[in-house]
Every structure is written in structure tokens, then in C-alpha cells.
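**Student:** A predicted structure for the sequence below; I have some questions about it.
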Amino acid sequence: MANEFKVVVDHGSAGWQVRYDSPSLAGSCGPIDLTDAAVDRAVKDGAGLAQPHLLTREAAAGIGFRLFCTFFPGPIADAFHRAVVVSRSAGRGPLRLLIQYPLDSPRLHGVPWELLFDGDTGRHSGTFMALRRDVLLARSLTQQKEEHPVRVNGQIRILRTTACPPPRTPLSFSDEIQTLEQAVGRRKDRVFLATQRDASVSGLRAALTHADWHAHVWIHSGHGGVVPGPDGKPRYVLMMHGDGREEHLTDTELRQMIDRNRHLRVVVLNACESGNPLGMVPLLAELNVPAVVGYRTAVFDSTAVTFARELYEGMLTKPIDEAVRDARRGLTNTVRSLDWALPILFLRSTEPSLVEPTRGEDSFTGSYVPSPAAEVSPAAPSFAAPPVVASVAPVPQAPVAAAAPTSVSQTAKMTFTFGGSSKVKDLKATGNVAIGPNAVTSKQEADFIVQVTDGATVEGLDFTANVAVADAQAAVYEKWLSELPARPTV
């Protein structure tokens with residue numbers, strides 16, 4: 001892509017090196033050596049972002065600015081700013097910024113690239129790269145395989161799967177499914193949607209490897225997480241529906257499915273931790289799927305639904321990286337305003353649009369006509385389900401209580417439980433948490449839970465740090481906040 005600025009981090013003779021490649025500037029630079037300490041700090045920052053919704057914007061900007069200073073040293077930062085200006089002046093649209101690193105570098109995968117913060121003192125002073133309108137941020141893996149376009153010349157075939165096996169926490173699929181169906185309905189002449197609810201591993205295998213109906217887009221929503229493998233080592237799995245029980249889709253099984261479907265252009269894994277170093281997102285990128293979207297950590301259900309609503313509409317009308325950027329921006333005004341940094345996008349394509357963005361509806365032509373066989377049944381009796389891994393820890397869906405300190409001014413994470421008639425002076429808490437001069441050890445029935453960190457003061461409920469609230473109780477908490485004399489920072 002001519003309108004592209006690629007920052008390449010790679011192994012060097014004495015550690016790590018970084019360089020840039022920019023067709024829009026007709027040049028490149030580097031490599032520039034990086035210190036191991038600087039890279040280690042970036043990795044540590046990423047490891048500490050398991051719950052970014054507890055960060056203040058200032059703290060996130062500080063992490064992002066350190067990233068920018070580390071991986072955009074002087075000549076690279078100057079070239080990047082020039083490339084943005086050239087792109088804008090030439091009317092080429094947003095500059096595509098690709099952060100590329102090797103396949104064998106899970107440490108670099110843990111770096112929170114989505115928080116990159118441009119500290120330039122010019123027009124875009126103080127901006128997160130992932131939210132800028134003149135920049136489109138994505139990750140990329142260094143590999144020798146040929147790049148393929150995202151664009152589909154015939155009818156676009158979308159496979160939509162959901163899975164929430166008991167006893168997993170129920171998820172809100174209805175709004176998400178409705179949004180996708182509406183987006184597809186407006187383009188029914190060019191898009192065909194097959195939906196598989198309560199998907200099993202065998203049902204997904206049958207759908208993705210269907211001999212007469214290869215999906216171009218696979219969207220999956222459900223639970224995912226890291227569990228012990230048969231060898232005791234951690235591995236990432238998607239929780240699927242078995243025969244009345246939970247079964248797991250492993251990386252090995254998914255690799256076999258993708259090997260039998262070379263038509264996939266876009267995969268969206270709307271599941272917790274799908275984008276972590278052990279997750280399915282980097283695997284799919286390694287398998288050369290042109291565009292893959294997932295989440296680097298656990299994600300609240302409401303965040304996933306809001307992001308999906310914007311993404312599904314956008315990816316059928318604009319380039320996938322632009323659709324991801326706009327979906328991020330749709331999360332900036334939510335209660336957890338830094339959740340926009342959770343989604344990640346891997347992009348490796350010569351053309352990142354499913355359809356030609358400049359064509360009108362009437363100019364599209366496609367010869368593919370879906371047959372009834374395309375409506376894939378959730379059950380596929382011709383395939384046997386794999387064995388279920390027995391010992392699996394539940395995927396956490398709400399803040400979890402930590403060991404509580406005993407001082408009034410808290411610096412460690414805590415979980416508070418409020419009863420329906422609680423006033424400020426009536427605070428009750430789960431566990432042994434210091435409240436003024438007393439410690440409460442009994443657990444009362446919760447109406448909502450609040451988790452506090454970073455120097456919050458318990459006495460009088462003068463919360464001076466970020467507060468995270470369980471989704472189901474957000475409205476209750478907001479009402480309670482409105483009755484306080486001074487509103488805490490959320």
C-alpha cells in the first residue's frame with residue numbers, strides 16, 4: 001500500500017532494532033538499536049494492563065508516550081510526522097500505520113501498541129494514535145507469505161457463530177446479532193449471512209470447511225480463556241457447545257480448519273483474551289488471514305456489544321482498519337472510557353476493504369448465488385466432538401476481591417459491596433477491609449460491587465481514584481453517585 005508507514009521491530013545482533021519503511025515518502029531508515037531495558041519496560045506496561053478501565057487517561061497517555069519515545073526514536077518520529085502531512089496534502093486519506101514484529105516474539109505481542117501516544121507539539125499534540133482520524137493503526141507479523149486482498153469480487157459470505165455453554169455467564173447476543181442482520185439486510189444483493197447459534201466444534205468445522213460454501217468472513221461471539229492443556233501448559237481455547245456440555249476449540253483444531261478454507265478474508269473473535277499472546281488472533285494472523293480482530297484482555301459484555309455494533313456496520317462500507325478505528329471511537333464516551341484500547345487488529349493485505357469503497361450500490365456485480373446448503377446446521381453429525389478438558393477455571397466477568405490492606409488510605413485493589421439501603425456512613429465490604437476505625441468481616445448480599453485502586457480513601461467514601469462497576473449495576477451506581485455532594489472520578 002502506497003499510503004503506508006511501517007514501523008518494523010526485529011531481532012538485532014545485540015538485542016532489538018527498529019526501522020521504518022514508507023512508500024509514501026519513497027524511503028526508509030534504520031535499523032536503530034533499542035536497549036533491552038526500554039523494550040522490557042514496554043512489555044511490563046502491557047502486562048500491567050489487564051484492566052485498562054481502571055487507568056486514568058493521564059496514566060494511559062504516559063504509557064503510550066513512553067512507547068512512542070521507545071519505538072519512534074528521532075528519525076522515525078520525524079519521518080512519521082512528514083508522512084502524515086504528505087498523506088493529508090495529497091488527499092490520500094488516513095495514513096496506515098503498521099507496527100510489524102516477528103512471529104516468534106510473544107513479548108512484543110504483549111506490548112500495548114494501541115496506546116501509542118503522539119507527543120508531537122504540532123497540530124495533533126496529545127493524541128492517541130488509535131483514535132486519530134488521519135492515522136489508521138494496526139499490527140502486522142513479519143513473514144514471507146504472499147499478502148492477499150481483503151476485497152471480495154463476488155457475493156460476500158459471512159459465517160456468524162455464537163456459543164455460551166452452561167454454566168458460563170450468559171452473554172448478550174441479541175443486540176449484536178440484530179445489528180449484524182440489519183447491516184447485512186441493507187446490502188442483501190452482495191452479502192449472504194449464515195448464522196450458527198450454540199455452535200459446537202464439529203458444527204464450526206463443518207461450516208468453515210464446507211465444500212460448496214467457503215466463508216469470507218467469520219464472526220464468533222462467546223467465552224474464551226487460557227486453561228491448562230493436556231501437558232499442563234497453558235493454552236487458549238474458545239468455549240463451545242458440546243452435547244449438553246462445554247467443549248473447547250483449541251489452536252490445533254482451528255489451524256486445521258483454516259488450512260481447509262483459503263477464502264477467509266476477515267475474522268472477528270468477540271471473546272475475552274482472544275488477542276493475547278496465546279490467543280487465536282495471533283494464530284490466525286500467522287496463518288495469513290488478511291484481517292483479524294480480537295481483544296487483548298478480558299472484556300465486559302457491554303463493551304464487546306458496543307464495539308461490534310460499530311464494527312459490523314463499518315466493515316461492509318469502508319476499509320477494515322477504518323471500521324476498527326471508528327468502533328474504538330464509539331467506546332470513548334462509555335463508563336469505562338479506556339476500553340477502546342482493548343481491541344486489536346492484525347492487518348496483512350494489499351487491499352483492506354471487503355468492497356470497493358468508491359463504488360455505488362448499483363455498480364457491484366457478483367455471480368455467486370447462495371444455495372440452501374449454505375444455511376449450515378449447528379449440529380454436524382458427520383464429525384465427532386473432541387474430548388472436553390475437565391478442569392477449567394471460569395472466565396472472570398466482574399472485578400474480583402483482592403487481599404485487603406488495613407490502612408484507611410488504600411493503595412491496593414479492593415472490592416466493596418453495598419446494600420440497597422446503604423448510605424455513606426453505612427458502608428459494608430466483603431472480606432477484611434478497613435472502614436474508618438473498624439474492619440468488617442461479614443459478607444452481605446450485594447446490590448452492586450465497586451473496585452478501587454491507586455490511593456483511594458475509604459473513609460467517607462471519598463474515592464480519589466478510578467472506580468469500576470459491574471455492568472449490571474452501572475445504573476444503580478450512577479444514581480448513587482448523583483446523590484453524593486461531590487462526584488468521584490470514574
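**Tutor:** Alright, I've got the coordinates.
**Student:** alpha carbons only for contacts and neighbour counts from here, please
**Tutor:** Will do.
**Student:** Phe192 - that's part of a strand, no?
**Tutor:** Yes - applying DSSP: H, G, I helix; E, B strand; the rest coil, one finds Phe192 inside a strand.
**Student:** give me every residue that touches it.
**Tutor:** 155-158, 184, 370 (CA atoms under 8 Å, 6 or more residues apart in numbering).
**Student:** Please repeat the previous calculation with a cut-off of 6 Å.
**Tutor:** Each residue near Phe192 by CA atoms under 6 Å, 6 or more residues apart in numbering is listed here: Arg157.
**Student:** Could you measure from it over to Glu247?
**Tutor:** 28 Å (CA to CA, to the nearest Å).
**Student:** Check Gly62 too.
**Tutor:** Counting by CA to CA, the separation of Gly62 from Glu247 is 41 Å.
**Student:** more neighbours, these two?
**Tutor:** For the pair Gly62 and Glu247, the greater number of neighbours falls to Glu247 (22 against 16), based on other CA atoms under 10 Å.
**Student:** host element of that one?
**Tutor:** Using DSSP states H and E, Glu247 maps to strand 246-249.
**Student:** Equivalent analysis for Val267, please.
**Tutor:** Element membership of Val267 [criterion: DSSP H and E] is strand 266-270.
**Student:** could you point out which element follows that strand?
**Tutor:** Next along the chain after strand 266-270, taking DSSP H and E as the criterion, comes helix 280-286.
**Student:** Report the mean per-residue pLDDT for that next one.
**Tutor:** Across helix 280-286, pLDDT averages out at 94.
**Student:** which residues are contacting it?
**Tutor:** Residues outside helix 280-286 that contact it (CA under 6 Å, 6+ apart): 274-275.
**Student:** Quick check: chain neighbours aside, which residue is closest to Glu310?
**Tutor:** Ala327 (4.8 Å; CA to CA, 6 or more residues apart in numbering).
**Student:** Could you check the pLDDT of that neighbour?
**Tutor:** The score at Ala327 is 95. That number is its pLDDT.
**Student:** Surely it touches Arg309?
**Tutor:** No - if you go by CA atoms under 6 Å, Ala327 and Arg309 don't touch, sitting 7.8 Å apart.
**Student:** quick one, which of these two is more surrounded?
**Tutor:** In terms of neighbours (other CA under 10 Å), Ala327 is the more surrounded of Ala327 and Arg309; the figures are 23 against 20.
**Student:** OK, contacts around the more buried one?
**Tutor:** By CA under 6 Å, 6+ apart, the contact set of Ala327 is 307, 310-311.
**Student:** Quick check: which element contains it?
**Tutor:** Counting by DSSP H and E, Ala327 is found in helix 320-329.
**Student:** what is the orientation angle of that helix with strand 266-270?
**Tutor:** 20 degrees (axes from the mean of the first three to the mean of the last three CA atoms, to 10 degrees).
**Student:** contact partners of the next helix or strand along the chain from helix 320-329?
**Tutor:** Downstream of helix 320-329, the first helix or strand assigned by DSSP H and E is strand 343-347. Strand 343-347 is contacted from outside by 138-140, 290-295, using CA under 6 Å, 6+ apart.
**Student:** which one of those sits closest to Leu338?
**Tutor:** Nearest to Leu338 among these: Tyr295, at 13.2 Å, using CA to CA.
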